[in-house]
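**Q** The sequence isn't on hand, but the structure is:
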């Protein structure tokens, strides 16, 4: 059905971008996303895309440029990581506030200081409230599929989307990626859809005016509604994409959760390690499970709650430091299940900071601890204490 | 072209905007937009112009207008230009209804957005050769937030962040020379204009719009509130700025500077300084050397 | 869906008659002294000088904020500030 290409995660992003053929692509380098913009620039020089590649002087300008282009009626895409994403902070809110369907690739890298170029999620988790859809990809295949999906989601809900992959771990590692034909992608993404067009001379628009309190609140309420709608839209669009690729992308992927006594919730490439440990422990008869969360914003509270179900012990792995607060993914999971009367014993783990290797042994030790806790809980229940 | 004929041209800016009494900005913007003869889009930085012309649900603008943030006019204009070029190259675009031609991009920013926070983005847009006209309305401080100093504020001027008192004599530093910065980028067209000289400003904008590449026009914008003077003097002060050589009117095509309004016998600088409350403290004896420094600076710039 | 982020009513500030900002004074025009030079037209920040087919015909008091620039700049003293009721 699909051809296979050996691509790194970064190449997969660039390849998908080539097929999407956006109108404007502002580029600025930062490790480890640089290969994405480099590959794209090569495509442009070779005439493989019609995109206007604009070499801006900062990531803030990269997103500003994309915002101008998206408002002016063309698809705009860019890529960044870490400090670049942080520098874009105000523009992320402006992009989502202006309801522009921009799609951005982010190669996750830790935030300074001290400076570290390796993978953690402090960058994207740090901007989780900016109103962008966030999709975490485990491997280059998912990066390719999700980037295409992202265009449909962005333009369907009129809200920007970021597609995340682990810096170096996914962005620089080669895997066989099944790709679609160019024409199929062109047909799948269709024509650019935007809520308004700046370059309308018949009825000129003023974009981004000064508004009073009630209007601001109204605009934000509409934005909240729009991003929430992406939950259902994701399912529908993923189905459409699966008809072409044969690979459905689920909002959450559950592995061994049906009868699990201990579950770990994790995002992105670390899920691969957790999955292999779950396989090994299950062979030994230990009831453990994995929930790999793909769609982080809007947070799939119902889906997560359903998959956790009656499992007595749940651990959540956040790939970030958390200063004086409960880590983001942990907090989201906890809030999601609490009001649905699901109250497992919860444990929070912060692993993989600054690119720290997370090995199977460590995950196994975590599962063993969680299982102990589950046993203890069962015992105290049985003894009625 | 004369003032009577010019009055017939559409200025694309409706009445009812919320600028202060005697504000020079609308004089500048209307005169500039009267030079338009093709579809255009306005990109505007946050500041006096944006806030006074787009009070939701009303807008003064009668052509496409986009505001993004304070410091990214250069980048935003680049994105719009990129979109326009892409649409022109790809057949069958429906976005450009009026014409398949290239649209003119005109960017407005105050001195804060231009000299300070937006300088990086603007410099990059210049360096990339973006095809747009950037017009700075230079009222010499961050006026929209209540008169704070910017790098465009002249030496000795009062602002709320360059106060006068025992330890303060107004701004301690000389003004940044945006002209020289623009010249260093080797732009095809750079000019300085004033709302006191309407036809000069109009001709400059008209010329700029006919040139391809990045164009920069810096226009002095007297501000009754921030410069502390009675509103009816706005045009007179702009005139004095020109005739004391404080604000020379020139244009530079591909780096060749030409004075467009010769000032053979400049008036003494104090004629320009005296009517402005922001310079009042300079007329106390101890501060006269500040005036001297200003005068020397003007000689050098000329 | 696009509430608050765009305004699709070009020129709608016309609905706000900023003439009410005047605080007691307004310019008065003497048509006999006027030479229709259009100087006041271009210097008025509010576009409140009514000028068409190369002739001034009056002032638009709905929008005149009373700044006094026109009075100050008129080369022929055809405008003067008077009490505004």
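**A** Done, it's in. Since the structure is predicted, the reported quantities are computational estimates derived from the model, not experimental observations. Numbering: from 1, shown residues only, chains lettered A, B, ... in the order given.
**Q** Go over the secondary structure and confirm residue A:134 is in a strand.
**A** Yes: looking at residue A:134 with DSSP: H, G, I helix; E, B strand; the rest coil, it is inside a strand.
**Q** I'd say it and residue A:126 touch.
**A** No: using C-beta atoms under 8 Å, residue A:134 is not in contact with residue A:126; the gap is 11.4 Å. Bear in mind the C-beta positions are built from the backbone N, C-alpha and C, glycine included.
**Q** Looking at these two, which has the bigger crowd around it?
**A** residue A:134 (22 against 16; other C-beta atoms under 10 Å in any protein chain shown).
**Q** Can you tell me who that one pairs with across the strands?
**A** Residue A:134 has these beta-bridge partners by DSSP bridges: residue A:162, residue A:297.
**Q** Find me the pLDDT at it, would you?
**A** pLDDT, residue A:134: 98.
**Q** Same question for the one 3 residues further on.
**A** Residue-level confidence at residue A:137 comes out at 98, pLDDT.
**Q** go on, the one 5 residues further on?
**A** The score at residue A:142 is 98. That number is its pLDDT.
**Q** ok, now residue A:200?
**A** 89.
**Q** Surely it is in contact with residue B:64?
**A** Yes: here residue A:200 reaches residue B:64: they are 6.6 Å apart, a contact under C-beta under 8 Å.
**Q** Between these two, tell me which one has more neighbours.
**A** residue B:64 (26 against 18).
**Q** Who are the contact partners of the more buried one?
**A** With contacts defined as C-beta atoms under 8 Å, 6 or more residues apart in numbering or on different chains, residue B:64 is in contact with A:198-201, A:204-205, B:40-42.
**Q** Among those, which ones are in strands?
**A** B:40-42 (DSSP state E).
**Q** ok, residue B:243 - how many residues close by?
**A** 17.
**Q** element containing the nearest residue to it once chain neighbours are set aside?
**A** Nearest residue to residue B:243 in three dimensions, chain neighbours excluded: residue B:267, at 5.0 Å (C-beta to C-beta, 6 or more residues apart in numbering or on different chains). Counting by DSSP states H and E, no helix or strand carries residue B:267.
**Q** was I right about residue B:267 contacting residue B:241?
**A** No: taking C-beta under 8 Å as the definition, residue B:267 is not a contact partner of residue B:241, at 10.1 Å.
**Q** Show me which of the two is the more surrounded one.
**A** residue B:241 (20 against 15).
**Q** residue boundaries of the helices in the stretch 51-200 of chain B?
**A** Along the stretch 51-200 of chain B, the segments classed as helices by DSSP state H, counting those that start in this stretch run B:73-89, B:111, B:119-127, B:178-184, B:198-209.
**Q** related to what we said a few turns ago, also near chain C: which of the contacts of residue B:64, exactly?
**A** A:204-205 (C-beta under 8 Å from any C-beta of the partner chain).
**Q** Of the contacts of residue B:64 - the most surrounded one?
**A** Neighbour max across the contacts of residue B:64 (other C-beta under 10 Å) = residue B:41, 28 neighbours.
**Q** For it, list each beta-bridge partner.
**A** Judged by DSSP bridges, the bridge partners of residue B:41 are residue B:105.
**Q** Would you enumerate the residues in contact with residue 121?
**A** Because you didn't say which chain, this covers chain A. Per C-beta under 8 Å, 6+ apart, neighbours of residue A:121: A:108, A:164, A:267-268, A:318-320.
**Q** um, chain B though
**A** A:57-58, A:60-61, A:64, B:71-75.
**Q** of those residues, buried ones?
**A** For the contacts of residue B:121, a neighbour count by 16 or more other C-beta atoms under 10 Å in any protein chain shown gives the buried set as A:57-58, A:60-61, A:64, B:71-75.
**Q** Take the ones in strands among the contacts of residue B:64 and lay them out in TSV including pLDDT.
**A** Output for those, formatted as TSV (pLDDT from 0 to 100):
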residue	pLDDT
B:40	96
B:41	97
B:42	98
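**Q** tell me which parts of chain C are close to chain B?
**A** Within reach of chain B by C-beta under 8 Å from any C-beta, chain C has these residues: C:4, C:7, C:9-18, C:21, C:36-39, C:41-48, C:51-54, C:60, C:62-63, C:65-69, C:71-73.
**Q** Just the ones of the residues you listed in strands?
**A** C:7, C:51-52.
**Q** Buried members of these into ChimeraX, please.
**A** In ChimeraX, a selection of the buried entries from these looks like this (16+ other C-beta under 10 Å):
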select /C:7,51
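**Q** Can you give me the separation between the residue minimising distance to the centre of chain A and residue A:147?
**A** Closest to where the C-alpha atoms of chain A average out (C-alpha atoms, centre = their mean) is residue A:135, at 2.1 Å. Distance from residue A:135 to residue A:147, counting by C-beta to C-beta, to the nearest Å: 9 Å.
**Q** which residues are common contacts for the two?
**A** By C-beta under 8 Å, 6+ apart, residue A:135 and residue A:147 have these common neighbours: residue A:163.
**Q** next one: phi and psi at residue A:187?
**A** Main-chain torsions, residue A:187, degrees, to the nearest 10: phi -70, psi -40.
**Q** Which residue does the stretch 1-150 of chain B have closest to chain A?
**A** Relative to chain A, the nearest point of the stretch 1-150 of chain B is residue B:79 (2.8 Å; C-beta to the nearest C-beta).
**Q** count of neighbours near that residue?
**A** The number of residues near residue B:79, taken as other C-beta under 10 Å, comes to 34.
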